[in-house]
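> Show me the folded form of this:
(one chain, ligands or ions: 3)
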Amino acid sequence: MWEDIKDWASDFFVTGDPLIYGADVGIVLASLSVLFVLTYFKKWGWFWREWVTTVDHKKIGIMYIIASLLMLFRGGVDALLMRTQLVMPEMEFLKPEHYNEIFTTHGVIMILFMAMPLMFGLFNISVPLQIGARDVAFPVLNSLSFWLFFMGAMLFNLSFVIGGSPNSGWLAYPPLSEKMFNPGVGQDFYIWGIQISGIGSLMTGINFIVTILKMRAPGMKLMKMPMFTWSVLGSCLTIILAFPVLTVTLALLFIDRFLGAHFFTLDGGGNPMMYINLIWMWGHPEVYIVVLPAFGIFSDVVSTFAKKKLFGYSSMVIAIMSISVVSFLTWAHHFFTMGSGASVNAFFAISTMVIAIPTGVKVFNWLFTMYKGRISFQAPMLWTMGFIPCFVVGGLTGVMLSVAPADFQFHNSYFLIAHFHQVLIGGVVFGYFAGFYYWWPKMFGFKLDEKLGRWAFWLWNIGFYVCFMPQYVVGLMGMTRRYSTYSWDTGWFGLNLVSTIGGFIMGIGFLVQVWQILYSIKKMDKDTTGDPWDGRTLEWSIQSPAPLYNFATDPVVKDVDDWWEEKQRIKAGGKPTPKPALQPIHMPKNSAMPIIKSTFWFLAGFGFVFDWMWLALPAMAGVAITMLFYSFRYDTDYYIPVDEIRKTEAAAGRAV
Ligand code: HEA
Ligand code: HEM
Ligand SMILES: [Cu+2]
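Ligands and ions are numbered 1, 2, ... in the order given. The predicted model follows:
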């Protein structure tokens, strides 16, 4: 009996590895201390009302950003564990099976649970404000998206504590991810974690498309939208076309594992190449989903900090939209080596190269915007200036990879690893950091310390090149990705050592950012203007942080960069555009449905992972019942009275 319990416990809880064990204990202690603080300070009511059930896009944005920064930390620890293992040949820091788990969780977490939510956080913070709207089109759905992402991420991370992590790479190619070769529960955690958060992402895509198309302030024609909003539209259109493919692919993999079907196994008539095609039909567009909004941020930042109109507005719009479309025509460049044949490879090589054209147009537009501008080098602009050279080199090595015959040499080597980290870190991470620093004062009403910000910037930048440039070389020397160790006679030691040092320099950069945030909270350099960067778009026309209702009265838009034009008119002696009289503002009420429904999803996922139908089936019923119950809720909205609006505006020193 006792032996049985012990066996079960050692299967259920991952034991044996001191590193994992330490991290498990750490996670439990951290969770307990959060619960303790909330209870001790009697903050549960506040936490429930102000955060858990909120439908305010600004708060949902902040929750996304906090969660994604925690995930950046976890993904970063994974990265540094791998770099430590690779620092010299024949290391025995991580066991090979453990190394497999870590590159898998690192890849998944960085793309799906760090980049995506950080991106959604920035969408939420700024899109409604940029287009002069009160909230997103479907505020409750927005909250549901967040909680689905959160529960999916928690489920995925739980694999680390209970049952074991997935270990077949971030895209889980079969047959390795099939039951036969992967009998543990890690792969099921992977499927359900991504599936649940993926549904949330799809709904966010729909929500923001409708918001942008339907909720713009009067006068803001499509071609007068800020460039960030355009890039969000491009990214969301790509999401709604790509994510359903992911959902179906993972569902098929689940049916293979759960019911013993053979969609992706050769025995029984299936085909693993089917999976490879499907997963990349999502996976390739996914990288443009995350990079397009970064392009949008750079566009807004460059014009703001160079104090010039964005060069080539309409060519930027065309570039965004054509990248969205062409991103669906290039997926097979990820498996040139897997036997598609010369003509198929030629098609996909050319379609891939085509993307360099709109991307190049964007790069030159940013450079022309800066040309002869009065550039001020504050944090958002610094990250933009760091991005351009980094991304261009990463993009150019992408073009090298797209040459199909050459890719037989580069494929799955460290040359590839260096390419994608260069575009992902140089493009996506630097881009979101630029956005994070840019909109921080709008989120919280105070500025981040510039000096510590410069330290963080340089540490990340220098660390990046030190870490990833040697990887191009070591890749050409033959080092393959996903190696857990290598021998002394390969000659790869020096380059790997340098690369690991670079990784740790970036890690220090991250810690400096944490320090910067804490320090700035203490220093509290308040921004009372609401417009600290002398901005151009509507979000800078209101107080910081934005009040619950965003705009006291609907702004009326005449130009691109309307807020900037208005300021110029006033400077030239003109009168401010008259504002209509205040009216009560229609607002959505909080809702507990999203958290309840997402918790049911979490339980269902957990049940399916362990084949516990007694849990999974009632939990799925819970999902359906919550949905049904919610559809009978009529008490969904209220009005903010004029008095209250007047009071809020007056408290911020604004006459209405
Ligand atoms: C944000 C993420 C991101 C971005 C933006 C890109 C952008 C590009 N990627 Fe990359 N890529 C990844 C993320 C990304 N990639 C990931 C994660 C993988 C690996 C996944 C895995 O296997 O696990 C990968 C893998 C990958 C492969 C597969 C290689 C292999 O497996 O062997 C290929 C091959 O064609 C490729 C090509 C390209 C190209 C041509 C671009 C282009 O979009 C780049 C365009 C930009 C420029 C070219 C620079 C600016 C342009 C100019 C200054 C104009 C002048 C230039 C010319 C006219 C050439 N990428
Ligand atoms: C601190 C910076 C980072 C370092 C040092 C780092 C390091 C690594 C290492 C060592 C690997 C495994 C290589 C291998 O053995 O094949 C890896 C894989 C990967 N990384 Fe990173 N990384 C960093 C940041 C990021 C970021 C920000 C992203 C995404 C936004 C990312 C996405 C990925 C992906 C998708 C993989 C592939 C996983 C797989 O092979 O399944 N990384 N990284
Ligand atoms: Cu691709």
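> Tell me who's in contact with the closest residue to ligand 2 within the chain.
Relative to ligand 2, the nearest point of the chain is Gly107 (2.8 Å; Cβ to the nearest ligand atom). For glycine as for every other residue, the C-beta is placed from the backbone atoms N, C-alpha and C. By Cβ atoms under 8 Å, 6 or more residues apart in numbering, the contact list for Gly107 reads Gly169, Trp170, Leu171.
> ok, now Leu241?
Per Cβ under 8 Å, 6+ apart, neighbours of Leu241: Pro285, Phe328.
> same thing but at 7 Å, please
Phe328 (Cβ atoms under 7 Å, 6 or more residues apart in numbering).
> for the record, mean pLDDT for whichever helix or strand it is part of?
According to DSSP states H and E, Leu241 maps onto helix 227-259. The average pLDDT within helix 227-259 is 97.
> in it, what's buried?
Of the residues in helix 227-259, 227-243, 245-247, 249-250, 252-254, 256-257 count as buried by neighbour count, 16 or more other Cβ atoms under 10 Å.
> Could you check whichever helix or strand the residue of the chain closest to ligand 2 is part of against ligand 1 for contacts?
If you go by DSSP H and E, Gly107 is part of helix 96-108. No - Helix 96-108 is not in contact with ligand 1 by Cβ under 6 Å from any ligand atom; minimum separation 6.7 Å.
> And the next helix or strand past that helix?
Following helix 96-108 toward the C-terminus (DSSP H and E): helix 116-130.
> Now do that next one against helix 227-259, angle only.
140 degrees (axes from the mean of the first three to the mean of the last three Cα atoms, to 10 degrees).
> can you list contacts of helix 116-130?
So helix 116-130 is contacted by 57-58, 60-61, 64-65, 67-68, 135-136, 149, 201, 204, 208, 211-212, 226, 228-229, 232, 290, 293, 432, 435, 439, 442-443, 537-539, 546, 550 (Cβ under 7 Å, 6+ apart).
> avg pLDDT for that helix?
For helix 116-130, mean pLDDT rounds to 97.
> Same check on stretch 307-325?
96.
> Report the buried residues of it.
Quick answer for stretch 307-325 (16+ other Cβ under 10 Å): 308, 310-313, 316-317, 319-324.
> so can I have a markdown table of these showing secondary structure?
What follows is these, written out as a markdown table (DSSP: H, G, I helix; E, B strand; the rest coil):
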| residue | secondary structure |
| --- | --- |
| Lys308 | coil |
| Leu310 | coil |
| Phe311 | coil |
| Gly312 | coil |
| Tyr313 | helix |
| Met316 | helix |
| Val317 | helix |
| Ala319 | helix |
| Ile320 | helix |
| Met321 | helix |
| Ser322 | helix |
| Ile323 | helix |
| Ser324 | helix |
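> And those residues, which two are furthest apart?
Spanning the widest gap among these are Lys308 and Ser324, at 26.4 Å by Cβ to Cβ.
> How is this structure partitioned into domains?
What automatic domain parsing lists as the domains of the chain is 1-42, 43-591+636-651.
> Would you tell me which of these gets closest to Ser598?
domain 43-591+636-651 (3.6 Å).
> Ends of that closest one, what's the gap?
Using Cα to Cα, to the nearest Å, one end of domain 43-591+636-651 lies 26 Å from the other.
> picking that back up, the contacts of helix 116-130, buried ones only, as a PyMOL selection?
Of the contacts of helix 116-130, the buried ones go into a single PyMOL selection, burial set by 16+ other Cβ under 10 Å:
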select buried, resi 57+58+60+61+64+65+67+68+135+136+149+201+204+208+211+212+226+228+229+232+290+293+432+435+439+442+443+537+538+539+546+550
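> Please report phi then psi for Ile508.
Torsion angles at Ile508 (phi, psi; degrees, to the nearest 10) stand at phi -70, psi -40.
> Please report how far it lies from Phe602.
35 Å (Cβ to Cβ, to the nearest Å).
> With neighbour numbers in mind, choose between those two.
Remark: of Ile508 and Phe602, Phe602 carries more neighbours, 22 against 14, as counted by other Cβ atoms under 10 Å.
> number of nearby residues for the closest residue to the more buried one other than its chain neighbours?
Once flanking residues are discounted, Phe602 sits nearest to Met151: 4.0 Å by Cβ to Cβ, 6 or more residues apart in numbering. For Met151, the tally of surrounding residues (other Cβ under 10 Å) stands at 25.
> And for Gly426?
Neighbours of Gly426 (other Cβ under 10 Å): 26.
> Tell me which residues touch it, please.
Gly426 touches Phe387, Cys390, Phe391, Gly394, Phe464, counting by Cβ under 7 Å, 6+ apart.
> for Ile640, phi and psi?
Dihedral pair for Ile640: phi -90, psi 120, per degrees, to the nearest 10.
> Most tightly packed of the domains of the chain?
Using mean count of other Cβ atoms under 10 Å, the stretch among those with the largest mean neighbour count is domain 43-591+636-651, at a mean of 19.
> circling back to that earlier point, near ligand 1 at all, the next helix or strand after the helix holding Leu241?
Sequence-wise, the next helix or strand downstream of helix 227-259 (DSSP H and E) is helix 272-306. Yes - using Cβ under 6 Å from any ligand atom, helix 272-306 reaches ligand 1 at Val287, Val290, Val291.
> Mind giving me the packing neighbours of helix 272-306?
Using 3 or more Cβ pairs under 7 Å, 6 or more residues apart in numbering; DSSP states H and E, the elements in contact with helix 272-306 are helix 116-130, helix 227-259, helix 313-326, helix 356-370, helix 379-401, helix 430-444.
> Same list (the ones you listed) but as a markdown table, adding distance to Ile625.
Listed next are the helices and strands packed on helix 272-306 as a markdown table, based on distance: least, Cβ to Cβ, whole Å:
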| stretch | distance to Ile625 |
| --- | --- |
| helix 116-130 | 27 |
| helix 227-259 | 22 |
| helix 313-326 | 38 |
| helix 356-370 | 47 |
| helix 379-401 | 46 |
| helix 430-444 | 36 |
